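>>> need coordinates for the below:
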Amino acid sequence: MENNQMNNPNKRQGKVSELKAVYKAFLEKPRTMKEVTIVTGIVRESICWYCKELRESSRLFFLRKRRCTITKELVNEYTTNPDLVEDDNQLDLFD
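As a prediction, this is how the structure comes out:
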């Protein structure tokens, strides 16, 4: 029974659509994970997993630390827009 639940195509489809929603939220503008939770309605725990997956596939980029507009805590700000990321490799050419 558990194996059937894990192989359920509807469940996989839901995860794919959630991952796309997280990707799009970070693409629209740089955000914190909590801000993405508010925008998408996806629970925070799932956002963490999707961010991990996006980072591992080099599609999510850390921008800076800043205060979250929701929690007021100092947290990481991310984007999926590669045009917003500074290219540190260029600086290494002159070392």
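>>> separation between V16 and T71?
Relative to T71, V16 is positioned 28 Å away (CB to CB, to the nearest Å). Where C-beta positions appear, they are placed from N, C-alpha and C, glycine not excepted.
>>> now do L54
As defined by CB to CB, L54 lies at a distance of 21 Å from T71.
>>> which one's more surrounded, those two?
L54 (18 against 12; other CB atoms under 10 Å).
>>> what sits closest to that one if chain neighbours are left out?
Using CB to CB, 6 or more residues apart in numbering and skipping residues adjacent in sequence, the residue nearest L54 is L60, 3.5 Å away.
>>> surely the one you found touches Y78?
Yes: taking contacts as CB atoms under 8 Å, L60 lies within contact range of Y78: 5.4 Å.
>>> N76 should be in a helix, yeah?
No: using DSSP: H, G, I helix; E, B strand; the rest coil, the secondary structure at N76 is strand, not a helix.
>>> isn't it up against K34?
No: the pair N76 / K34 is not scored as a contact, 10.6 Å apart, by CB under 8 Å.
>>> sweet, I'm off.
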